[in-house]
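> Here is the input, now give the coordinates:
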Amino acid sequence: MFDRLKYKAIGRNVAANLWGLIAPMSFIILFLSGEFLNVSINQNIDITRFISARDVKLNMRLMWIHIEISVLFFLIALSALTCMRLIGAVLKFGEKAFYMYTLTYKPNLDPAPNVRMCYSYSAAYFYKFLCVHIIMVAKIILWSMLFIVPGIIKFYEYRLIPYIIASNPDMSYDEAQAISAAQMNGRKFDLFVMDLSFLGWLLLNSLTAGILNAVWLRAYMEASYAAFFLSLDHRGYALPYSFRSYC
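The predicted structure follows:
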């Protein structure tokens, strides 16, 4: 049974108790993924100063040099931004692992949650998480190119893949996709409604220039989604004990 209020209550509890610990992790992930700060590059070329000059050939050459430098800086900035976003996408796997660990660790047996887990776990499986992210996003984009609705359906069908891979990093993408599709069967609309329930918070976050998201809202949402994932019948892919003891 999908209990949205229960999952969100768990998320609020985690965000309220650990916001001081989680905020730096959330800020870094949001910044790297481009969700906190949108970087835009504008290069304005004033052609009139070249046209009005006497030496047309010289100024045409200067204009092309200016264009080439502008393009070069644009490509460098675009490459840097792409790398940042890919690193941010990989860290999100570690972030999901952190919240699953936070909700399942046993105080008497396991150490307390530590945000370093997010970074160290992401680094340990960097290429695996990167490949999974690229494949998943590419498939959603391809489905969206057909029609918007199939793209949305596939987005929710693949929604659990990051959680499944984060909890079982040695699992293949195809197996994780099949499990996600099976688990989301009949739950897509419920999760869609849960997403909509955060809309007011996201609008409020826009008024704070993303600060609310970094210090509290992201923890609230991610912990809520992790609670939803952990409530499912995992059928052989439950969070391993060794993973809960990772820190």
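
> List the residues that contact residue 26.
Neighbour list for residue 26: 213, 214, 215, 218, 219 [criterion: Cβ atoms under 8 Å, 6 or more residues apart in numbering]. Every C-beta, even on glycine, is put in place using the N, C-alpha and C of the backbone.

> okay if I get those as TSV plus neighbour count?
TSV is the format used below for these (neighbours: other Cβ atoms under 10 Å):
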residue	neighbour count
213	23
214	25
215	18
218	25
219	27
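
> Of those residues, which belong to helices?
218, 219 (DSSP state H).

> Residue 180 touches residue 155, doesn't it?
No - between residue 180 and residue 155 there is no contact, the gap being 11.1 Å when judged by Cβ atoms under 8 Å.

> Give me the more crowded residue out of these two.
Shown here are residue 180 and residue 155; by other Cβ atoms under 10 Å, residue 180 has more neighbours (22 against 17).

> if we can go back for a sec, which one of the contacts of residue 26 sits closest to residue 173?
residue 218 (25.5 Å; Cβ to Cβ).

> quick one, longest helix in this structure?
helix 56-104.

> Please, where are all the helices along this structure?
Under DSSP H, the chain gives helices at 4-33, 48-51, 56-104, 116-124, 126-146, 148-157, 161-167, 173-184, 188-197, 199-207, 211-212, 218-230, 241-244.

> so which of those helices is the most packed in?
Most buried of those, by mean neighbour count (mean count of other Cβ atoms under 10 Å): helix 161-167, with a mean of 25.

> model confidence over that one, on average?
The average pLDDT within helix 161-167 is 91.

> And that helix, how far out from the chain middle?
Relative to its parent chain, helix 161-167 has a centroid offset of 13 Å by Cα atoms, centre = their mean, to the nearest Å.

> got a list of contacts for that helix?
In contact with helix 161-167 (Cβ under 8 Å, 6+ apart) are residues 92-94, 96-97, 100, 121, 128-129, 132-133, 136, 171, 173, 176-177, 179-180, 225-226, 229, 237-240, 243.

> Ok, stretch 132-142 next?
Applying Cβ under 8 Å, 6+ apart, the contact partners of stretch 132-142 are 86, 89-90, 92-93, 151, 154-155, 158, 161-162, 165, 173, 176.

> Kindly reformat these as JSON lines containing distance to residue 17.
Compiled in JSON lines, the contacts of stretch 132-142 are given as follows (distance: Cβ to Cβ, whole Å):
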{"residue": "86", "distance to residue 17": "31"}
{"residue": "89", "distance to residue 17": "27"}
{"residue": "90", "distance to residue 17": "27"}
{"residue": "92", "distance to residue 17": "22"}
{"residue": "93", "distance to residue 17": "23"}
{"residue": "151", "distance to residue 17": "37"}
{"residue": "154", "distance to residue 17": "35"}
{"residue": "155", "distance to residue 17": "31"}
{"residue": "158", "distance to residue 17": "31"}
{"residue": "161", "distance to residue 17": "28"}
{"residue": "162", "distance to residue 17": "24"}
{"residue": "165", "distance to residue 17": "27"}
{"residue": "173", "distance to residue 17": "34"}
{"residue": "176", "distance to residue 17": "30"}
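
> any idea which of these is closest to residue 28?
Among those, and counting by Cβ to Cβ, the member closest to residue 28 is residue 92, at 11.1 Å.

> who's in contact with the closest one?
29, 33, 133, 162.
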